[in-house]
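**Student:** Only the shape, not the letters, is given here:
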């Protein structure tokens, strides 16, 4: 009986830890803090408190590196992310060859700075869509391109196969759909960006000739 209770307890703990914070409804802060101590109740939903941001999997609130003060000790930074350092302004910044993610919660390695001479896994451990080239540098695999920050390899949208599941296109980009060739294409009114990784809205050009004709007819009507 005791072992069963332990198993149930461990299951409940794992469930709590794996909870998507954004799906937790609340009427008081306690409903949120039971899931993550750095969250609070806002408009009936759990959200991170000030100076914290959601993790990529939305399961926890992580401290914003840019908000940390390392005046007391440099370890204030490294305790949160080992790839940070305390700068002269006593703020946490990324170490050399690392850049901050968009959420400002983590320092990611610059893929272009990695050397895979010792092992090809140096690349795949940083990003599974990379490989070690003949120059012993990490590059993106075929049909993948590096993001602007040089921290991740993104699949080209036109290479995504939607033969078995048409919804994969919408998951990759909300403005894409499964084309007749069973590859993802941009919806009407959208076009692929220059990196071929996302659909962006097409610019519309105004037909000035129609506007000029309408104005001319209106002017003539006033004259006669």
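**Tutor:** Looks like it came in fine. All values reported here derive from a predicted model rather than from experimental measurement.
**Student:** distance of residue 156 from residue 170?
**Tutor:** Going from residue 156 to residue 170 by CB to CB, to the nearest Å gives 17 Å. Heads up, the C-betas are built off the backbone N, CA and C, glycines and all.
**Student:** Same check on residue 159?
**Tutor:** Separation of residue 159 from residue 170 (CB to CB) stands at 16 Å.
**Student:** out of the two, which sits in the more crowded spot?
**Tutor:** Each of residue 159 and residue 170 has its neighbours counted (other CB atoms under 10 Å); residue 170 has more, 15 against 12.
**Student:** what helices or strands is the strand or helix carrying that one leaning on?
**Tutor:** Using DSSP states H and E, the element containing residue 170 is helix 167-172. Counting by 3 or more CB pairs under 8 Å, 6 or more residues apart in numbering; DSSP states H and E, the packing neighbours recorded for helix 167-172 are strand 176-178, strand 184-186.
**Student:** Can you give the contact residues for it?
**Tutor:** Helix 167-172 is contacted from outside by 155, 157, 160-162, 176-178, 184-185, using CB atoms under 8 Å, 6 or more residues apart in numbering.
**Student:** for that helix, which positions count as buried?
**Tutor:** Neighbour counts using 16 or more other CB atoms under 10 Å place 169, 172 of helix 167-172 among the buried residues.
**Student:** Low-confidence stretches in this structure?
**Tutor:** Low-confidence segments of the chain, defined by pLDDT under 70, are located at 1-18, 205-224.
**Student:** Could you list the domains of it?
**Tutor:** The domain map for the chain lists 2-63, 64-108, 110-155, 157-201, with the assignment taken from automatic domain parsing.
**Student:** quick one, helices of this protein?
**Tutor:** Using DSSP state H, the helices found in the chain span residues 2-17, 30-33, 75-78, 121-126, 167-172, 208-223.
**Student:** Please verify my assumption that residue 62 contacts residue 53.
**Tutor:** Yes: the criterion here is CB atoms under 8 Å, and residue 62 meets it with residue 53 at 6.0 Å.
**Student:** what residues are shared contacts of the two?
**Tutor:** The contact lists of residue 62 and residue 53 share 103, 105, where a contact means CB under 8 Å, 6+ apart.
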